[in-house]
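[1] task: produce atomic coordinates for the following.
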Amino acid sequence: MIEGQFGDVLTSSLGEAVASYTIPQNGNRKTRLAYITSPRELEKEGVGSDDRITPTLEFLANQIKAGNRYVSGIEIVAVVVDDNGQASPGSGQRSAAFEYLRSFCEQNGIAFHIEESKPWRSIKGDPDAKGEAKRAYEQRLLNLMRKNGVDVILSDSYVVMFGETMLDSRNGYGGLMVNIHPGIVGEVPGVHPTRDALVRARMFTSDPDERSAISAQLRETMAGMIELRQNGQMGSLNNILGEMGVPFTLGDEMVAIPRVPNIFRATTGASLHVVNEVRDRGRPILVSTGTPILERHTEQGLRVDNYPTKNNTTLRGLGMFAREQRTRDLISENRVRNRNFSRELPFRAELPQPTQRSNARAPAPRLLR
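    Alright, predicted model coming up:
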């Protein structure tokens, strides 16, 4: 049973033991998925503490168990978190989101791995040292994926940008890592999509005079920034203007206004997209507007109401992504790298063994419009 109201589709890109490991056709073995997240971000969303939320990991795992046709060829083999869940440094107390993730994995036979990102994120004033530490962090992640035969990576509330080590198309998981964004990436990109969507809905009223005034000021702001960009004075403007939208102050609120025709749309939703080096700018797989913004909404209330759209977009988008021919080709190539890497190891990490796989190929999903 699919959760809640899916919403309108806006865009779509449809177009074993190590020693005896062989690479079968993609249809003859399940796609092994690793889920990566930041408990500190899930904690802000209310995962593990707000009973109104069905966490995306749980929803996806339950749909797989139920035999949902969209994900019948996928199995979740590992959950990777980038912090140790401490409520405060040295406290020893774990956040509700961290404990939820760990408990869920234990109950469902899914490997739970901690690979902390704080050691490199906390480096200040030495970009070379920070860059080297981040590359080492990503290399450990990459080794973990390789050792355990991971085919596809799903990022959820993991706000740290991946770099060339993980995203390299020849040696990493370029093209095989997707992110679920709780908003419409072309309209509310970035790390605060729910808040940005809510603020815009409140500020951009239906009054035509107000809209005209806002539009005029935006055009003036954009024109000045575009001129700076053309003169080579890019700096952070490249990311702000070219990729993330124009920062615009309304009252005491700073709002990121994307370069899209309709900046006044009062809605939110979810987007599953391929991860690349620029935040929320990878190829979209599925985008849905399933959650209107209402007068009663608080930020948490809107987030709760949007979770079914987020979960259903993840479900359907993953099914579409796994069945794309380009994805199947990349998985086949990646399995060769996994096999070659594992042959060099004396043992495998202690992750669950693959479950019994079915040779039946799930029917291609019918995309609702």
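[2] show me the protein divided up by domain.
    Listed by automatic domain parsing, the domain ranges of the chain are 8-191+265-343, 205-257.
[3] could you dump those to TSV with distance to Leu198?
    Just so you know, the C-beta spots here come from the backbone N, C-alpha and C atoms, and that holds for glycine as well. What follows is those, written out as TSV (distance: least, C-beta to C-beta, whole Å):
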stretch	distance to Leu198
domain 8-191+265-343	6
domain 205-257	10
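[4] redo these as CSV? Include distance to Ala197 and mean pLDDT.
    Formatted as CSV, those follow (distance: least, C-beta to C-beta, whole Å; pLDDT from 0 to 100):
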stretch, distance to Ala197, mean pLDDT
domain 8-191+265-343, 4, 86
domain 205-257, 10, 52
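[5] burial of Pro127, as a residue count?
    Using other C-beta atoms under 10 Å, the number of residues around Pro127 comes to 9.
[6] hmm, I typed the wrong one, I wanted Ser117.
    If we define neighbours as other C-beta under 10 Å, then Ser117 has 18 of them.
[7] re earlier: mean neighbour count, the domains of the chain: which tops it?
    Stretch with highest mean neighbour count among those: domain 8-191+265-343 (a mean of 18; mean count of other C-beta atoms under 10 Å).
[8] strands along the stretch 51-200 of the chain, start to end?
    Applying DSSP state E, counting those that start in this stretch to the stretch 51-200 of the chain gives strands spanning 74-81, 111-114, 152-156, 177-181.
[9] ok, now the stretch 251-369 of the chain?
    Using DSSP E, counting those that start in this stretch, strands in the stretch 251-369 of the chain cover 253-257, 267-274, 284-292.
[10] name the helices or strands packed onto the longest helix seen in the chain?
    When the chain is scanned for its longest helix (criterion: DSSP state H), the result is helix 299-323. Helices and strands touching helix 299-323, by 3 or more C-beta pairs under 8 Å, 6 or more residues apart in numbering; DSSP states H and E, are helix 56-65, strand 74-81, strand 152-156, strand 177-181, helix 193-203, strand 267-274, strand 284-292.
[11] so which of these is nearest Thr165?
    strand 177-181 (12.0 Å; C-beta to C-beta).
[12] how about Gly46, nearest residue that isn't a chain neighbour?
    Ile53 (5.5 Å; C-beta to C-beta, 6 or more residues apart in numbering).
[13] can you pull the contacts of that neighbour?
    By C-beta atoms under 8 Å, 6 or more residues apart in numbering, the contact list for Ile53 reads 45-47, 303-304, 307.
[14] now render the strands of the stretch 251-369 of the chain as JSON lines, adding distance to Gly67.
    Below are the strands of the stretch 251-369 of the chain laid out as JSON lines (distance: least, C-beta to C-beta, whole Å):
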{"stretch": "strand 253-257", "distance to Gly67": "40"}
{"stretch": "strand 267-274", "distance to Gly67": "21"}
{"stretch": "strand 284-292", "distance to Gly67": "21"}
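[15] which stretch among those comes nearest Ala34?
    Here strand 267-274 is closest among those (C-beta to C-beta), at 15.6 Å.
[16] that closest one packs against which elements?
    Short answer (3+ C-beta pairs under 8 Å, 6+ apart): strand 267-274 packs on strand 177-181, helix 193-203, strand 284-292, helix 299-323.
[17] distance to Ala129 added to the ones you listed, as CSV?
    Compiled in CSV, these are given as follows (distance: least, C-beta to C-beta, whole Å):
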stretch, distance to Ala129
strand 177-181, 26
helix 193-203, 32
strand 284-292, 35
helix 299-323, 36
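[18] of the ones you listed, which is nearest Gly269?
    strand 284-292 (4.2 Å).
[19] partner strands of the closest one, parallel or antiparallel?
    strand 8-12 (antiparallel), strand 267-274 (antiparallel) (DSSP bridges).
[20] got a list of contacts for the helix or strand following the shortest one?
    Under the assignment DSSP states H and E, the closest C-terminal helix or strand after strand 8-12 is strand 31-37. Contacts with strand 31-37, where a contact means C-beta under 8 Å, 6+ apart, come from 57, 60, 73-82, 101, 141, 145, 148-158, 318, 322, 331, 354.
[21] do you know how far Glu58 is from His192?
    24 Å (C-beta to C-beta, to the nearest Å).
[22] please apply the same query to Arg316.
    As judged by C-beta to C-beta, Arg316 and His192 stand 25 Å apart.
[23] re the thing from before, so which of the strands of the stretch 51-200 of the chain gets nearest Glu295?
    strand 177-181 (24.9 Å).
[24] between strand 31-37 and the closest one, find me the angle.
    Per axes from the mean of the first three to the mean of the last three C-alpha atoms, to 10 degrees, the angle that strand 177-181 makes with strand 31-37 is 50 degrees.
[25] sorry, back to before: would you convert the helices and strands packed on helix 299-323 into TSV that also reports distance to Arg135?
    Shown next, in TSV, are the helices and strands packed on helix 299-323 (distance: least, C-beta to C-beta, whole Å):
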stretch	distance to Arg135
helix 56-65	27
strand 74-81	17
strand 152-156	17
strand 177-181	17
helix 193-203	28
strand 267-274	21
strand 284-292	28
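[26] nearest to Ser38, of those?
    strand 74-81 (6.8 Å).
[27] quick one, which of the helices and strands packed on strand 267-274 is nearest to Arg29?
    helix 299-323 (12.0 Å).
[28] re the thing from before, let me know the closest of the contacts of Ile53 to Ile123.
    Nearest to Ile123 among those is Glu45, at 27.0 Å by C-beta to C-beta.
[29] skipping adjacent residues, who's closest to the closest one in space?
    Arg303 is the one closest to Glu45 (C-beta to C-beta, 6+ apart), at 6.1 Å.
[30] and the closest residue to Ala129 other than its chain neighbours, what does it touch?
    Counting by C-beta to C-beta, 6+ apart, the nearest residue to Ala129 once its immediate chain neighbours are dropped is Ile123, at 5.6 Å. Each residue near Ile123 by C-beta under 8 Å, 6+ apart is listed here: 129-130, 133.
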